[in-house]
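Visitor: With the input below, show me the fold.
(4 chains)
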4 protein chains.
Amino acid sequence: MSGDEGLSPNYIAKTVAETMYRKDTAAQHLGIALKEIGPGRAVMTMRVADFMLNGHNICHGGYVFTLADTAFAYACNAYNQNTVAQGAQINFLKAVAPDSFLTATAIEQNRTGRTGLYDISVADDGGNLVALFRGNSHTIKGQMIPGLTEKEEK
Amino acid sequence: MSGDEGLSPNYIAKTVAETMYRKDTAAQHLGIALKEIGPGRAVMTMRVADFMLNGHNICHGGYVFTLADTAFAYACNAYNQNTVAQGAQINFLKAVAPDSFLTATAIEQNRTGRTGLYDISVADDGGNLVALFRGNSHTIKGQMIPGLTEKEEK
Amino acid sequence: MSGDEGLSPNYIAKTVAETMYRKDTAAQHLGIALKEIGPGRAVMTMRVADFMLNGHNICHGGYVFTLADTAFAYACNAYNQNTVAQGAQINFLKAVAPDSFLTATAIEQNRTGRTGLYDISVADDGGNLVALFRGNSHTIKGQMIPGLTEKEEK
Amino acid sequence: MSGDEGLSPNYIAKTVAETMYRKDTAAQHLGIALKEIGPGRAVMTMRVADFMLNGHNICHGGYVFTLADTAFAYACNAYNQNTVAQGAQINFLKAVAPDSFLTATAIEQNRTGRTGLYDISVADDGGNLVALFRGNSHTIKGQMIPGLTEKEEK
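Guide: You can find the predicted model right below:
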């Protein structure tokens, strides 16, 4: 995938995501799976487990947020520049039933300097939108894979 | 605790919270504990477990959100009118280290008709503010404990 | 534009918007113009006047918000059910220079019961995104034009 | 007010605010007045003028936002380090009647590195809370008054 011409943004995104996922106990524990990854974008899925249900017998909003926040994290870290969430807003549009299979799709709306803005939508297996999430990111020092950059050799 | 004069708001809040917690698999699974409860307010705690750590080896923001969102849910349901979160905004102010003990304090800023606004702050064991959360609630039909209202006998 | 088959959603949206605009001193005072209108969507424009500049000699964020909020209001009122903003979040992506010509485009992301969610983007004359706005609406009693509904005669 | 011991944070805040206000066409045009200023805090007022009314004959939410955003700007610029709003969230709690006199109070919740978080409440002359605003700030290069810092002589 590489060579004299240097590494592609897609290759970097994929490599960073795989490395990040191996260390990501939280995502693994929840059964969150990475389906697609690219520069500034990610698609991740999660099945709603019984331990995620709240006192109203629906999925706790915290787990819907966690899935969206995870897709956000992979999307904004895809450039191999360590990036953290500064904040996020979520709107809950539909109650999520037990055992639902959720898909979160993250896209980049803006990246200027060290700050970024990402939109994440979460849908259930019926294709219904259950939540919209908007996150602000901030790039900090460090790289997930030291030395891996667009112009370097593998 | 009651009598001819009817039930107090504090008694209702406590009774609803206890009933809600018994059904709240998500809160129990995370070791979230209810420390204080009253009309429109709640204090809840959570210790950061290893399964909550993300790829940067800090607590996944989703779990900080989940703790805050849980305190929010108990605060806004304390009137025994079923209430759900419409949306929320969170600002992450400080990375949360493994094994931190977090305390979320929820207060009511406004309640008009069926909508409410709540502020939740999350602090670590050193007393440092790690996140601020603001949630919008919406009252729906139904009661956690049918018939339990301020003016009725126990 | 109508007949036996009743009034179209587009006709209603247009008629409500025109009536609303005639009463909308704020929009008129700022030179905000309505370019497109439909059920749940609106496009509005505004030129940045000198009185809108702040102490950094750029357009005060409040006026960018006001333009976006206006497009939001026309989009969510387009069904001829009085609707108000419950809240909104705005992200400022680019400083707006004096004399810029701004375009706000509002689209509906969700409408369930009496609540709605709208996304508004604001771009300058160079096509650069200067702000993203997300608003929550709440339908209240009353109609801008009493009696004007989809199934009635003109 | 100064001397060998250097300039106080309050003196700096006051001096910056006065300088900033002289250039702030937007605030002047709206009759926004600065009532109190200090490091990370500001109180500002505005009377709702007829040109601020929308199609529902209440104050356009954009002007409530603008007042809050102005108080936010003065609070976060009070350290004489140029600071801009990255984003903000506003919740509208009560319709604002024509001719209301509004007071916005800004306080700092957090300041870490170049980012800050501020809470602004807006109340009417009856003391009713009409809106809550939370803003994220970002410090950029430059000073409103070059050279004015805590440790320097006047």
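Visitor: what about A:Met52, distance to B:Phe133?
Guide: 19 Å (CB to CB, to the nearest Å). For glycine as for every other residue, the C-beta is placed from the backbone atoms N, C-alpha and C.
Visitor: again, but for A:Val43
Guide: Look at A:Val43 and B:Phe133: by CB to CB, they are 27 Å apart.
Visitor: Could I get the full set of helices for chain A?
Guide: A:9-23, A:25-29, A:61-76 (DSSP state H).
Visitor: Now do the contacts for the residue nearest to A:Ala95 when sequence neighbours are not counted.
Guide: Closest residue to A:Ala95 apart from its sequence neighbours, by CB to CB, 6 or more residues apart in numbering or on different chains: A:Ile58 at 4.5 Å. Shown in contact with A:Ile58 (CB atoms under 8 Å, 6 or more residues apart in numbering or on different chains): A:Ala95, A:Val96, A:Ala97, A:Pro98.
Visitor: go with 10 Å
Guide: By CB atoms under 10 Å, 6 or more residues apart in numbering or on different chains, A:Ile58 lies in contact with A:Val48, A:Met52, A:Val64, A:Phe92, A:Lys94, A:Ala95, A:Val96, A:Ala97, A:Pro98, A:Ser100, B:Ala26, B:Val84.
Visitor: Name the nearest of those residues relative to D:Ser137.
Guide: For the contacts of A:Ile58, the minimum distance to D:Ser137 (CB to CB) is 27.7 Å, reached by A:Phe92.
Visitor: That closest one touches A:Gly61, doesn't it?
Guide: Yes. Taking CB atoms under 10 Å as the definition, A:Phe92 is a contact partner of A:Gly61 at 5.6 Å.
Visitor: what do these two both touch?
Guide: Joint contacts of A:Phe92 and A:Gly61 (CB under 10 Å, 6+ apart) are A:Val130, A:Ala131, B:Asp69, B:Val84, B:Ala85, B:Gln86, B:Gly87, B:Ala88.
Visitor: ok, A:Phe92 and A:Gly61, which is more surrounded?
Guide: Neighbour count, other CB atoms under 10 Å in any protein chain shown: between A:Phe92 and A:Gly61, A:Gly61 has more, with 28 against 24.
Visitor: Next up, the contacts around that one.
Guide: A:54, A:90, A:92, A:95-96, A:130-131, B:26, B:65-66, B:69-70, B:72-73, B:84-88, B:135.
Visitor: any idea how far A:Thr105 is from the residue nearest to A:Ala95?
Guide: A:Ile58 is 22 Å from A:Thr105, by CB to CB.
Visitor: now the strands: where do they sit in chain A?
Guide: A:33-38, A:41-47, A:83-92, A:101-112, A:115-123, A:129-139 (DSSP state E).
Visitor: For D:Thr15, which of those strands is the nearest?
Guide: Of all the strands of chain A, strand A:115-123 comes closest under CB to CB, at 29.5 Å.
Visitor: close to chain B, is that closest one?
Guide: No. On the criterion CB under 10 Å from any CB of the partner chain, strand A:115-123 is out of touch with chain B, staying 12.0 Å away.
Visitor: quick one: strands adjacent to that strand?
Guide: strand A:101-112 (antiparallel), strand A:129-139 (antiparallel) (DSSP bridges).
Visitor: Pull out the buried members of the contacts of A:Gly61.
Guide: Among those, those classed as buried by neighbour count (16 or more other CB atoms under 10 Å in any protein chain shown) are A:54, A:90, A:92, A:96, A:130-131, B:26, B:65-66, B:69-70, B:72-73, B:84-88, B:135.
Visitor: what about A:Met144, how many residues close to it?
Guide: A:Met144 - counted by other CB under 10 Å - has 22 other residues nearby.
Visitor: For it, which residues are in contact?
Guide: A:12, A:15-20, A:23, A:77-83, B:55-56.
Visitor: swap the cut-off to 6 Å and go again
Guide: A:Val16, A:Thr19, A:Met20, A:Asn80 (CB atoms under 6 Å, 6 or more residues apart in numbering or on different chains).
Visitor: Please verify my assumption that A:Tyr118 contacts A:Ala73.
Guide: No. Under the criterion of CB atoms under 6 Å, A:Tyr118 is not in contact with A:Ala73, lying 9.5 Å apart.
Visitor: which bits of chain A sit near chain B?
Guide: Residues of chain A lying close to chain B (CB under 6 Å from any CB of the partner chain) are A:20, A:23-26, A:29, A:51-55, A:60-62, A:65-66, A:69, A:85, A:87-92.
Visitor: could you redo the last one with a cut-off of 7 Å?
Guide: Contacts of chain A with chain B, taken as CB under 7 Å from any CB of the partner chain, map to A:20, A:23-26, A:29, A:50-55, A:60-62, A:65-66, A:69-70, A:85-92.
Visitor: can you tell me if stretch A:38-56 touches chain C.
Guide: No. Against chain C, stretch A:38-56 shows no contacts by CB under 7 Å from any CB, the least distance being 14.4 Å.
Visitor: what's the average pLDDT for that stretch?
Guide: Mean pLDDT, stretch A:38-56: 95.
Visitor: Kindly report the same for stretch A:119-135.
Guide: So the average pLDDT for stretch A:119-135 ends up being 97.
Visitor: What are the contacting residues of stretch A:32-51?
Guide: A:9-10, A:13-14, A:17, A:21, A:30-31, A:59, A:67, A:70-71, A:74-75, A:78-79, A:96, A:98-108, A:111, B:25-26, B:29 (CB atoms under 7 Å, 6 or more residues apart in numbering or on different chains).
Visitor: Please determine how far the residue nearest to the spatial centre of chain A is located from chain B.
Guide: Closest to where the C-alpha atoms of chain A average out (CA atoms, centre = their mean) is A:Ala71, at 1.4 Å. Look at A:Ala71 and chain B: by CB to the nearest CB, to the nearest Å, they are 11 Å apart.
Visitor: Okay, buried residues for stretch A:22-40 please.
Guide: A:Asp24, A:Thr25, A:Ala26, A:Ala27, A:Leu30, A:Ile32, A:Leu34, A:Ile37, A:Gly38, A:Pro39, A:Gly40.
Visitor: nearest to A:Thr149, of the residues you listed?
Guide: For the buried residues of stretch A:22-40, with A:Thr149 as the reference and CB to CB as the criterion, the closest is A:Pro39, at 12.8 Å.
Visitor: tell me the phi and psi of that closest one?
Guide: Dihedral angles of A:Pro39 (phi, psi; degrees, to the nearest 10) stand at phi -60, psi 110.
Visitor: Not counting its neighbours along the chain, what's nearest it?
Guide: Per CB to CB, 6+ apart, closest to A:Pro39 is A:Pro9, 4.3 Å.
Visitor: Give me the pLDDT for the one you found.
Guide: Confidence score, pLDDT, at A:Pro9: 94.
Visitor: and if you look at A:Tyr74?
Guide: 97.
Visitor: Near the residue lying closest to A:Met144 once chain neighbours are set aside, how many residues? Count them for me, please.
Guide: Using CB to CB, 6+ apart and skipping residues adjacent in sequence, the residue nearest A:Met144 is A:Val16, 4.9 Å away. By other CB under 10 Å, 24 other residues sit near A:Val16.
Visitor: Same question for A:Arg41.
Guide: Neighbours of A:Arg41 (other CB under 10 Å): 18.
Visitor: swap in A:Glu108?
Guide: 19.
Visitor: right, and it touches A:Asn77 too?
Guide: No. Look at A:Glu108 against A:Asn77 with CB atoms under 7 Å: they stay out of range, at 11.7 Å.
Visitor: Could you pull up the contacting residues of A:Phe133?
Guide: A:Phe133 touches A:Ala68, A:Phe72, A:Ala88, A:Ile90, A:Ile120, A:Val122, counting by CB under 7 Å, 6+ apart.
Visitor: again, 10 Å this time
Guide: A:64-65, A:67-69, A:71-72, A:88-92, A:104, A:106, A:118-122, B:87.
Visitor: next one: A:Pro146
Guide: A:Asn80 are the contacts of A:Pro146 under CB under 10 Å, 6+ apart.
Visitor: mind checking how far it is from chain D?
Guide: If you go by CB to the nearest CB, the gap between A:Pro146 and chain D works out to 23 Å.
Visitor: Tell me the confidence at that residue?
Guide: pLDDT, A:Pro146: 90.
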